[in-house]
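Model the following, please.
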Amino acid sequence: MADHRNVKGNATNAKASGSATNSYTINLENFSKRLKMMYSHWSEFKNELWGGSEVLGSNSSTIGGSAKEIHFLCSQKKVSLLEVVKKSAKDAAGLEVIMHVKARNDDGTALMDEIFKAVRRESRLDGHDSPIFGHIARETPEGNLLEMWDEKLKNANFQLTDVTNGFSDLFAVKDASEITNMKKAAYLTSSVMKFFVVPKLEKIIDEEKKVTHSSLMDDTEKVILEPARIKVKLKADNVDICYPPIFQSGGVFDLKPSASSNDDSLFYDSTSVIVCAIGSRYNSYCSNVARTFLIDANPVQSKSYEVLLKAHDAAIAALKPGNKAADVYLAAVSVVENEAPELVPNLTKSAGTGIGLEFRESSLSLNGKNDRILKTGMIFNVSLGFQNVQTETKNPKTQKFSVLLADTVIIGENAPEVVTSTSSKAVKDVAYSFNEDGEEEEPLKAKSMPNVAEKLSSKATLRSVNHEVSKEELRRQHQAALARRKNEETARRLAGGGSEGTNHGPVKPSGELIAYKNVNSLPHLRDFMIQVDQKNEAILLPIYGKMVPFHIATVKSVSSQQDTSRTCYIRIMFNVPGAPFAQHDPNLQKNHDSIYVKEVSFHSKDPRHISEVVQLIKTLRRQVSSRESEKAERATLVTQEKLQVAGAKFKPIRLSDLWIRPVFGGRGRKLSGTLEAHTNGFRYATSRPDERVDIMFGNIKHAFFQPAEKEMITRALPSAPPHNGGKRSAYDPDEIEEEQRERDRKNKINLDFQNFVNRVNDLWGQPQFKSFDLEFDQPLRELGFHGVPHKSSAFIVPTSSCLVELIETPFVVITLSEIEIVNLERVGLGQKNFDMTIVFKDFKRDVMRIDSIPTSSLDGIKEWLDTTDLKYYESRLNLNWRQILKTITDDPEQFIEDGGWEFLNLEASDSDSDNSQESDQGYEPSDVQSESASDEEEDDSESLVESEDDEEDDSDENSEEEEGKTWEELEREASNADREKGNESDSEEDRKRRKMKAFGKSRPPERRPGGSLPKKARFR
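Coordinates of the predicted model:
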C-alpha cells in the first residue's frame, strides 16, 4: 500500500497529464466543497440517515472511504486523472487519498483484499471488531471488476447498511452551479417543445401526413442533441437526453416514466389526444417537460384537462420550504375531489419526484406518504396525469384517453420557480379545433338523398323537370355548406402563417447576402464606371464619387435603351420590400425599417460598354438564380433506403416486356425491361447494367392501374407492305384477323397487369406495409372528360383520391386532398368549351389549368366535384390567379372579412344581368344556333386548343328538341356504352360508317349515276 500511497508528481502536473490523456478534468473547487459537505453531513446525521456506518463504499466506481482515508481502485489511466485530488482532499478534510492501480490482466482481488484490510485496521482503532460498511443497496454493478467487488463485499463479514437516504438528502439541495445547469437543461427542454415539437405536430395535422410516433421520437432526439437547430446557444458536447422522447396517441397511453414511443402512426382525428414528454440533460443535470394536446376535444376531454391543469398548479404552489413532500400530492388530490371526483381513480399515484443528476430521486417522491421536509434549493419534476379516462365517441381509438402535464420546478425562498414555463400549458395553446362537421352535418345528410334518387331516375325513360330542379337545388345547398367550411379552413390556415407568399419571381438566395466582408475587400478599380464582379457576385455602381457594391441577388431587372443622340441609358431595378410580386426574402424582412434603393439610371456615350454591362449582369443573375434553384431542389431530396432484393424464400413478383416512361437516355436501340416487386420496393431493369431504377415503397405517394381500352402505348414493329400497292379492302379477311389478334393481345396485356397489381396489393396488405397505406387506384373512365392540361388535348380521368392523365406526357396527377377550390371559367351561354382552374391549399404553388373542356362535360364535372366535397365556382372570364393569390396572402384578414372565396360567387350578379334590359338590348334568344354565330363565338374563345368533339356538338345543336333526356345526355350514354364495348362490337356497318367519315362527318357520300363513289380530288 505504501507504493500506491507515494505516487510521484505534483497536482498541477498531474492535472495536465490527465488532461492530455483524458477528455475529462476535475473541478478542484467543487471537489473540495462537496467533499467537505459530505463528511460534515455524514458526521451530523450518521445514525439518522447513514445507518451508523463507519465506512462508505460505491459499486459504480470502486471507491472506499473512512473517516481518515479515501481508497481508489482503478486503472493507470484513471489514476493519472485522480492524482490532482490528493492535495485538495488533504486541505479540505484532512484525508489521505490512496491509489490502487489495477494492471490490465489483473482481476483486482488482491487489491480489494488490501482495501478490506485497511478498513478492518481503521475499525479496530475505533474499538469495533466488525465494521459497519455503508453502501447503496439498489446500485447495480456493471463490469467484471465491479461485480467482483460486490461479491467480495458481501462475503467480507462486514455489517452492511443502506446509505441511500443519506446521499439523497445530501444531494437534494442544489448549490448555485447545479441550479444553473438545471436551468440550462430546462431551457433546452422547453424550447424543443415550443419551437420544434408543437410546430411539427401542427404541420403534420394541417397537411394530414402519416408520421409514426417512433419517427417523431427520432426527429426530436436529433434536435435535443443539436440545440443550434432551434437557435439555443448551448454547446452540443454538454447536452444529452434523459430518455428517448415519448409520443403517444390513438388510445394507447402509458404515463409511467419508463414508457416508450411505438411504431403506430400519430392519430389526430376528431376527439383525439396527443401526449408528448421530453427530457434533456446539461452537464449531466436533468430536466423534464410533458404536454397534452387536444384535437376537437369533447366536453369530457376538455373538463379532464382543465381539472388536471388546476391540480398541477396547486401541486406546484405547495412546493414551499417547510412543507412535507406529501402535501404536494394531497393539494392536487383536493382539487380533483372538488372539481371532478369521478376522475380521482384515474389520477396518477404521485405528483412527481426529485430531479438532478438522477432523473428520478426516489427518496424525494411526491406521493401521499412521504414525510420528507422540503427545503429551499430542492428541484422537482412535478408530473401529474389522468390515466385511461373513458368517454363516448364514434371512433374506438378515442374512447379511452389520458392527459399528462409535467414541469421542472425549483423551490425558492418565497415562491416556486417553474423553469420550463417557456412551453405553455394553457388551454388556448394546447386545444386545437379542426371540427368541420358540426354545423354542416344536416346539409350533408340532405345531400345523401339525391344520390338514391339519381339511381332510381336513371332507369326512367323520361326525365322529370321538377326532379332536376330539386337535384340542382340540393347541389347548390351542399356547395353553400362547403363554401362556409372552406372559408373557415382557409382562415385558420392563413392565421397560422401557412401558405404565405408566392413562388413567383427569382429564387431567393439562401443565407445572408454579403458581397464583401469589409471595405478593404473591394477591388481597386481604375475606371470610374459600372463594373461587374463575377467572383464576388456583385455589381459596383459609381454613386457620388464612390464605387458602391450591390449583391447580384438584390437586382430585380436591368434594361438599356438608346435615344436619337446616340446616348445610351441603363436602368437597374432592385428588390425592395412591399413591391408587387416581390419575393419574400428574409434579408428584406430583417431590415424592413431601412431605406432601400428602388432603381438607378446611368447614361453613357459608349453603347458597347452599356450592352456588355447589361449582358454581364443578366448572365450573372441567371447563374446565381440557377445555383440557388438547384440548392433549393437538392434540399428537398430525401435519402432513399437501399433496395432489399428478394431472396430464395421470397420470389419477386415480376412483370416482363415493359418500357419505362420517360425512356432511358443515350444512344442505341431502346430495350424492354422487367418490373419486379422486392421486399421493400420496385426495381425496373433492362439487360443493360446501367439501365436500372429502384423505387422504394416508402417513397410512393400514389399508385395507379389504368387498363388499356381505346388507348395502348406499344412499340411499332416493322411489317411487310400489302401486295396490292398499299390499299386494303374493308372486307379483307387478313384485316379482320389482325384486329382480332390486336384485341386478344390487348386483353392478355390487361390480364397480366391485373395479376401483377393484385399480387402487389396482397403484398402491401401485410402488417409491415400498413403504415404506407398503399393500394393501386384505378381511374373511373365513366367520369372522365377531354381537356388540355398542357399543350395537347388529353382524356383526364378521376380516381378515388386524384385527378389523373396517364397517357400523354407530361403526365397529370393532382391529389384531391391538396385542392383548395376549383373555378370553372368561361362558363356561359353559347360557349362550346370552358376552362377549369384548380387552386391548391399551398398558395405558393401555381394554379393548375385545364383548358378547352367541352361544355357537354360541365354537368358531369359539377356532380363529381360535389360528391367529392370539393367547392367549385363559376365565372364568365378567365381570372388572373397570380394577382388574386398575391392579394390574399398580403392581407388575409381583409380577405376573410370580405367573405373569403365568396368573391367568386357570381350567381347574384349573373341573375341581375339576366334581368337587365340594357345588357340584353337587341338580343333575341333562339332555340337553334346558326353555324356562323357558333364560328364567331369559337373564334372569340380564349381556350388554347379545341377538342375534336366540337364538330359533333354542332350537329347535335341543330337537331330537334325532344322531351325527356337532352341530346347531351343521350350522347354521353352512347359514348359510355361504346367505351365499355370497345372495338369488340365493330360490325360491318361500323366499318362502313368509319369509312364514310373520310368524306365528311354526318354526311353520306354522294353516289354517281353509275353507282360508284366520286373520285378523290387531286391537289397539285
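
where in the stretch 601-750 of the chain is pLDDT low?
Across the stretch 601-750 of the chain, the stretches falling below the confidence threshold (pLDDT under 70) are 638, 648-649, 667-668, 710-732.

correction: the stretch 901-1020 of the chain
Per-residue confidence for the stretch 901-1020 of the chain (pLDDT under 70) gives these ranges: 906-972, 975-1020.

for the stretch 301-450 of the chain, same thing?
Counting by pLDDT under 70, the low-confidence segments of the stretch 301-450 of the chain come to 435-450.

make it 50
Applying pLDDT under 50 to the stretch 301-450 of the chain flags the ranges 436-450.

A helix includes residue 149, no?
Yes: with DSSP: H, G, I helix; E, B strand; the rest coil as the criterion, residue 149 is assigned to a helix.

Give the burial count for residue 31, as a bare number.
Burial of residue 31 is recorded as 15 neighbouring residues (other Cβ atoms under 10 Å). Glycine gets a C-beta too; all of them are placed from N, C-alpha and C.

Show me the residue at the heart of this structure, geometrically.
To find the centre residue of the chain, average its C-alpha atoms and take the closest one (Cα atoms, centre = their mean): that gives residue 204, at 5.3 Å.

For the stretch 451-600 of the chain, which residues score under the pLDDT cut-off?
In the stretch 451-600 of the chain, residues with pLDDT under 50: 451-469, 500-508, 581.

Next, the contact list for the residue nearest to the centre of the chain, please.
For residue 204, the contacting residues are 211, 266, 268, by Cβ atoms under 8 Å, 6 or more residues apart in numbering.

what's the answer for residue 178, then?
Contact criterion Cβ under 8 Å, 6+ apart gives 285, 356 as the residues in contact with residue 178.

What distance do you get for it to residue 419?
As defined by Cβ to Cβ, to the nearest Å, residue 178 lies at a distance of 13 Å from residue 419.

cool, and residue 605?
When distances are taken as Cβ to Cβ, residue 605 and residue 419 turn out to be 70 Å apart.

Report how many residues lie close to the nearest residue to residue 216 once chain neighbours are set aside.
Counting by Cβ to Cβ, 6 or more residues apart in numbering, the nearest residue to residue 216 once its immediate chain neighbours are dropped is residue 247, at 4.6 Å. Residue 247 sits with 26 neighbouring residues when counted by other Cβ under 10 Å.

and the contacts of residue 204 as a markdown table, adding pLDDT and distance to residue 701?
Written out in a markdown table, the entries for the contacts of residue 204 read as follows (pLDDT from 0 to 100; distance: Cβ to Cβ, whole Å):
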| residue | pLDDT | distance to residue 701 |
| --- | --- | --- |
| 211 | 92 | 14 |
| 266 | 93 | 18 |
| 268 | 91 | 19 |
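
So among these, which ones count as buried?
211, 266, 268 (16 or more other Cβ atoms under 10 Å).

could you dump these to TSV with distance to residue 159?
What follows is the buried ones among the contacts of residue 204, written out as TSV (distance: Cβ to Cβ, whole Å):
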residue	distance to residue 159
211	57
266	55
268	59
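
Relative to residue 366, how far out is the closest residue to residue 169 other than its chain neighbours?
Nearest in space to residue 169, with sequence neighbours left out and distances taken as Cβ to Cβ, 6+ apart, is residue 49 at 5.5 Å. When distance is defined by Cβ to Cβ, residue 49 is 20 Å away from residue 366.

Let's verify the residue nearest to the centre of the chain: helix, strand, or coil?
Strictly by three-state DSSP, residue 204 counts as helix.

tell me the pLDDT at it?
As predicted, residue 204 sits at a pLDDT of 91.

What is the burial count for residue 806?
If you count neighbours by other Cβ under 10 Å, residue 806 ends up with 20.

Please name the residues that touch it.
Under the criterion of Cβ under 8 Å, 6+ apart, the contact partners of residue 806 comprise 704, 706, 779, 797.

if we go to 10 Å?
With contact taken as Cβ atoms under 10 Å, 6 or more residues apart in numbering, residue 806 is in contact with 661, 704-706, 711, 713, 779, 794-797, 799, 812-813.

and if you look at residue 798?
When contacts are taken as Cβ under 10 Å, 6+ apart, residue 798 is in contact with 779-785, 804, 814, 816, 861, 864-865, 868.

Leaving out chain neighbours, which residue sits closest to it?
Sequence neighbours aside, residue 783 is the residue nearest to residue 798 in space, at 4.9 Å (criterion: Cβ to Cβ, 6+ apart).

And the one you found, how far from residue 863?
For residue 783, the distance to residue 863 (Cβ to Cβ) stands at 9 Å.

how about the strands in the stretch 651-800 of the chain?
Using DSSP state E, counting those that start in this stretch, the strands of the stretch 651-800 of the chain run over 653-658, 673-677, 681-685, 692-696, 785-787, 794-798.

rewinding a little: do I have it right that the residue nearest to residue 216 meets residue 220?
Yes: in this structure, residue 247 sits in contact with residue 220. The criterion is Cβ atoms under 10 Å, and the distance is 7.9 Å.

Now for those two: what residues contact both?
By Cβ under 10 Å, 6+ apart, the residues touching both residue 247 and residue 220 are 197, 261, 276, 278.

who's the nearest residue to the first one once chain neighbours are set aside bridged to?
Read that as residue 197. The shortest distance from residue 197 to any residue other than its chain neighbours is 5.7 Å, reached at residue 276 (Cβ to Cβ, 6+ apart). Under DSSP bridges, the beta-bridge partners of residue 276 are residue 247, residue 291.

ok now do residue 276, which residues does it touch?
By Cβ under 10 Å, 6+ apart, the residues touching residue 276 are 193, 197-198, 200-201, 213, 216-217, 220, 245-249, 261, 289-293, 404, 423.

Among those residues, name the ones in strands.
Mapping the contacts of residue 276 onto strands (DSSP state E) picks out 246, 247, 248, 289, 290, 291, 292, 293, 404.

now, which of those residues sits nearest residue 657?
For these, the closest approach to residue 657 (Cβ to Cβ) belongs to residue 247, at 46.7 Å.

Now do that closest one against residue 429, distance only.
For residue 247, the distance to residue 429 (Cβ to Cβ) stands at 18 Å.

Fine, thanks again, bye for now.
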